[in-house]
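> quick one, structure for this:
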Amino acid sequence: MNPTAVAHPIAFVLGGMVLVWFFLIHILLKRLERKHPDTYESMGKPSLFLHNTPRTANATLRFIALRQHRPLGDATLSRLSDGMMIYFALQIAVVVWTVVNGVLPLA
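Numbers count the residues shown, from 1 in each chain. Sure, this is the predicted structure:
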């Protein structure tokens with residue numbers, strides 16, 4: 001496989017995946033803010049851009065990865081969070097594949 005032949009399409013796919021991730025994060029945070037304000041506040045009131053600090057970003061990723069949505073009893077939030085966990089793993093897999101195959105080198 002010629003790495004340069006697939007570099008542009010892969011970069012385009014990764015860029016699209018990041019945009020989808022931002023959209024999913026936006027939906028997640030809005031749902032938390034509206035339906036579960038106590039949890040949202042305990043996470044530091046995260047937002048996509050305006051109040052995005054390392055602390056709130058970590059709280060959001062912990063919420064997804066540790067499945068902290070379960071005790072809230074919100075089926076829609078659970079489906080969204082579980083789907084985001086799978087999507088995040090897929091993103092990581094694509095990035096690892098591109099690095100391992102030399103498609104998008106780290107340096």
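> pretty sure residue 45 contacts residue 52?
No - with contact defined as C-beta atoms under 8 Å, residue 45 does not count as touching residue 52 (10.6 Å). Placement of C-beta: from N, CA and C, glycine included.
> for the residue positioned nearest the centre of the chain, helix, strand, or coil?
The C-alpha lying nearest the average C-alpha coordinate of the chain belongs to residue 21 (C-alpha atoms, centre = their mean; 4.8 Å). With DSSP: H, G, I helix; E, B strand; the rest coil as the basis, residue 21 sits in helix.
> quick one: contacts for it?
Residues in contact with residue 21 (C-beta atoms under 8 Å, 6 or more residues apart in numbering) are 84, 87, 88, 91.
> can you check residue 53 too?
residue 44.
> next one: phi and psi at it?
Backbone torsions of residue 53, given as degrees, to the nearest 10, read phi -110, psi 170.
> which pLDDT value goes with it?
The model reports residue 53 with a pLDDT of 91.
> could you measure from it over to residue 29?
According to C-beta to C-beta, to the nearest Å, residue 53 and residue 29 sit 13 Å apart.
> check residue 90 too.
The spacing between residue 90 and residue 29, counted by C-beta to C-beta, is 21 Å.
> neighbour-wise, which of those two wins?
The residue with more neighbours, out of residue 90 and residue 29, is residue 29; 21 against 11, by other C-beta atoms under 10 Å.
> that one reaches residue 46, doesn't it?
Yes - with the criterion set as C-beta under 8 Å, residue 29 and residue 46 qualify as a contacting pair; they are 5.8 Å apart.
> okay, and the common contacts of these two?
What both residue 29 and residue 46 touch, as defined by C-beta under 8 Å, 6+ apart, is the set 40, 60.
> who are the contact partners of residue 58?
Taking C-beta under 8 Å, 6+ apart as the contact definition, residue 58 lies against nothing.
> now it: which helix or strand?
Assessed by DSSP states H and E, residue 58 sits inside helix 54-65.
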